[in-house]
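A.B. asks: Task: produce atomic coordinates for the following.
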Amino acid sequence: MENSIPRRRSLVVFLENGGAFGHLNLPPTLSRALDYWSERGARTMLSMLGADRHWQEIRVLEDQRARPDELLSTLVGISQRAVADLLVLTHGLPEGAVGWQGACLDQGFLNELQAVQVGHGLPLHLGCVYTIACHSARQADAWLAAGAQAVNGVLGENWLPVPTLPLFLARWQKGATFGEAALTAHLRALHWARGLAGRDETWRGRIEASRQMVAGRRDVRLAAGLSQGRV
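C.D. replies: Below is the predicted model of the structure:
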């Protein structure tokens, strides 16, 4: 029932770079450095944007904790007391977003998430799912079936996680709807990227592959709340 939905919103961040960039075969030292600094950069971005003013709890699942079983238990636990929004900041395959050591948020994971509510009768208050993972549009319907209010998705390989992600978060936190924030941020990033790419057909193809979509309730707004800290 609508009146049973918690008023609080919490944020779960599924964060794992894996030291990869495109299809490049990086030396181990450079791969580790990329993994460390990209993940630290994501945490810094959340802090600089003041995320703790808008979510009452922020839980970051990083490195060894960025696993499907850990995410499942975290979402189930948090969503008993709050609406759980989710940021998926990882690479992606057609099968799903890639976490620690290749563990994948695939259809099996989403089936388990859906079964928590359908099979076990636990209230599962999922909020909005925002992802930068490649090919994530393929799982939009499955996230909605698991109970998410709304979800964005990337149609192909995502070459524009920056600046799209911070543009989206800044706009959503300022009161825009989820759909408006996601699509407007992407359009701004497209405009910026096309200007840099010029007539380079390779990069223009990559930019087009980075297109996004939004499914579900596009009208969800993020209400400000008092932070209770982060883990």
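
A.B. asks: Need the outlier residue of this structure, farthest from its centre.
C.D. replies: With CA atoms, centre = their mean as the measure, the chain has its most outlying C-alpha, relative to the mean C-alpha position, at residue 199: 30.9 Å.

A.B. asks: would you say it is within a strand?
C.D. replies: No. Under DSSP: H, G, I helix; E, B strand; the rest coil, residue 199 falls outside any strand and is assigned coil.

A.B. asks: can you count the residues close to the nearest residue to residue 38 once chain neighbours are set aside?
C.D. replies: Residue nearest to residue 38 in three dimensions, not counting chain neighbours: residue 17, with 4.1 Å by CB to CB, 6 or more residues apart in numbering. Every residue, glycine included, has its C-beta placed from N, CA and C. Per other CB atoms under 10 Å, the neighbour tally for residue 17 reads 23.

A.B. asks: what's the spacing between residue 17 and residue 171?
C.D. replies: Applying CB to CB, to the nearest Å, the value for residue 17 to residue 171 is 24 Å.

A.B. asks: same question, residue 203
C.D. replies: Separation of residue 203 from residue 171 (CB to CB) stands at 25 Å.

A.B. asks: These two - which one has more neighbours?
C.D. replies: Regarding residue 203 and residue 171, a neighbour count based on other CB under 10 Å identifies residue 171 as having more, with 20 against 15.

A.B. asks: ok, that one to residue 151 distance?
C.D. replies: Applying CB to CB, the value for residue 171 to residue 151 is 17 Å.

A.B. asks: again, but for residue 13
C.D. replies: Per CB to CB, residue 13 is found 16 Å from residue 151.

A.B. asks: who has more neighbours, these two?
C.D. replies: The residue with more neighbours, out of residue 13 and residue 151, is residue 151; 28 against 21, by other CB under 10 Å.

A.B. asks: other SSEs contacting whichever strand or helix holds the more buried one?
C.D. replies: Using DSSP states H and E, residue 151 maps to strand 150-154. With contacts taken as 3 or more CB pairs under 8 Å, 6 or more residues apart in numbering; DSSP states H and E, strand 150-154 sits against strand 126-131, helix 140-145, helix 178-197, strand 212-216.

A.B. asks: can I get the CA coordinates of it in CSV?
C.D. replies: What follows is strand 150-154, C-alpha atoms only, in CSV (Å, rounded to 0.1, in the frame of the first residue of the first chain):
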residue,chain,number,x,y,z
ALA,A,150,12.7,4.0,-12.2
VAL,A,151,15.9,3.1,-13.9
ASN,A,152,18.2,4.5,-16.6
GLY,A,153,20.2,2.4,-19.0
VAL,A,154,23.0,2.7,-21.5
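
A.B. asks: now residue 92, which residues is it bridged with?
C.D. replies: Residues in a beta bridge with residue 92, per DSSP bridges, are residue 97.

A.B. asks: neighbours around it, how many?
C.D. replies: Other residues within reach of residue 92, judged by other CB under 10 Å, total 24.
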